[in-house]
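after the sequence you'll find the predicted model.
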Amino acid sequence: MVKTLKHKIRNIFITGLLVTLPLMITFFFIRVLFRMIDSLLGPTVNNLLSTMGLNFIIPGIGFILTFLIIFAVGLASTNVIGRKLLERFEIFLDNIPMVKSIYSGAKQVIHTIATAKKAAFSRVVLLQFPKNGIYSIGFITSEAQGEVQHVTKEDVINVFVPTVPNPTTGFFLMVPREDIISLNMSIEDGIKLIMSGGIVTPTYDNDKNPSPQISSAVNIPKQV
């Protein structure tokens, strides 16, 4: 009982940490960016307004400029020229050792969160990979169709098995339905389990929500 309670408290705390840390880091960098832009461009903008006969200081000019700069970067990155400039800027950052580590790490975390929410995963499953006797967590993307389904002569399911610690990369597998074990955990819990390297384990009650046995096959609605 005590051990179970400690396990739940640890999981809840780590989950809270995973949620609050990105928010704190984001707030910190936005605050630093705001102060930097406000100190660099704020006086210039206010002086420019003074020369135009507008003798007043705009409060929050740093926030407005920060918003406009972020919006401009987003707008530029949606066209070919902007993407090329962004690629060159990233190449420049890659040549700076310390900056490279910080930028690539932050980009990887943000990209992971963004793609995880957009990914068309339908279910969390367990399968023996990379060899028999070793189990891996995977996500069902769809049911194989067309030539693959015809050539294999089997009921094949498309499964994505993420890698750790970067779950945006992984292995795309086509697995026979009978070799897949369906899990009851949500997609979000599956992603947390992988990103934490198994530290954050979803709460589970076998009496209320029993897992399928090893021999059970996952049931996916047939696509029309």
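Structure received.

and stretch 147-167, how far apart are its ends?
For stretch 147-167, the first and last residues are 28 Å from each other (CA to CA, to the nearest Å).

okay, now residue 155: neighbour count?
14 (other CB atoms under 10 Å). C-beta coordinates here come from the backbone N, C-alpha and C atoms, glycine included.

and what of residue 89?
12.

likewise residue 187?
With other CB under 10 Å as criterion, residue 187 counts 16.

check contacts around it.
Residue 187 sits next to 119, 121, 123-124, 139 when contact means CB atoms under 8 Å, 6 or more residues apart in numbering.

now swap in residue 129 and tell me
Residues in contact with residue 129 (CB under 8 Å, 6+ apart) are 135-136, 138, 161, 171, 173.

residue 75: which element?
Using DSSP states H and E, residue 75 sits in helix 61-76.

so what touches that helix?
With CB under 8 Å, 6+ apart as the criterion, helix 61-76 contacts 30, 33-35, 37-39, 41-42, 45-46, 58, 82, 85-86.

out of the residues you listed, who's nearest residue 183?
residue 30 (37.2 Å; CB to CB).

quick check: the closest one vs residue 37, distance?
Separation of residue 30 from residue 37 (CB to CB, to the nearest Å): 10 Å.

so which of the two has more stuff around it?
Neighbour count, other CB under 10 Å: between residue 30 and residue 37, residue 37 has more, with 19 against 13.

and for residue 194, the neighbour number?
Number of residues near residue 194 (other CB under 10 Å) recorded here: 25.

check contacts around residue 157.
Residues counted as contacts of residue 157 (CB under 8 Å, 6+ apart) are 140, 142-144, 174-177, 180, 218, 220.

what's the farthest-apart pair in those residues?
Greatest spatial distance in the contacts of residue 157: 142 and 176, 14.9 Å, computed using CB to CB.

any chance you could map the strands in this structure?
Along the chain, the segments classed as strands by DSSP state E run 123-128, 135-143, 156-162, 170-176, 181-182.

which one of these lies nearest to residue 102?
strand 156-162 (23.4 Å).

break the chain into its domains for me.
2-95, 120-195 (automatic domain parsing).

is it possible to get JSON lines of these that adds mean pLDDT and distance to residue 101?
Formatted as JSON lines, these follow (pLDDT from 0 to 100; distance: least, CB to CB, whole Å):
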{"stretch": "domain 2-95", "mean pLDDT": "72", "distance to residue 101": "10"}
{"stretch": "domain 120-195", "mean pLDDT": "87", "distance to residue 101": "14"}
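
redo those as JSON lines? Include distance to residue 205.
Formatted as JSON lines, the domains of the chain follow (distance: least, CB to CB, whole Å):
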{"stretch": "domain 2-95", "distance to residue 205": "11"}
{"stretch": "domain 120-195", "distance to residue 205": "10"}
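
so for residue 104, which of those domains sits nearest?
Minimum separation from residue 104 across those (CB to CB) falls at domain 2-95, 7.8 Å.

mind pulling up the pLDDT for residue 98?
Residue 98 carries a pLDDT score of 69 in this model.

how close does residue 137 sit to residue 185?
Counting by CB to CB - residue 137 and residue 185 are separated by 9 Å.
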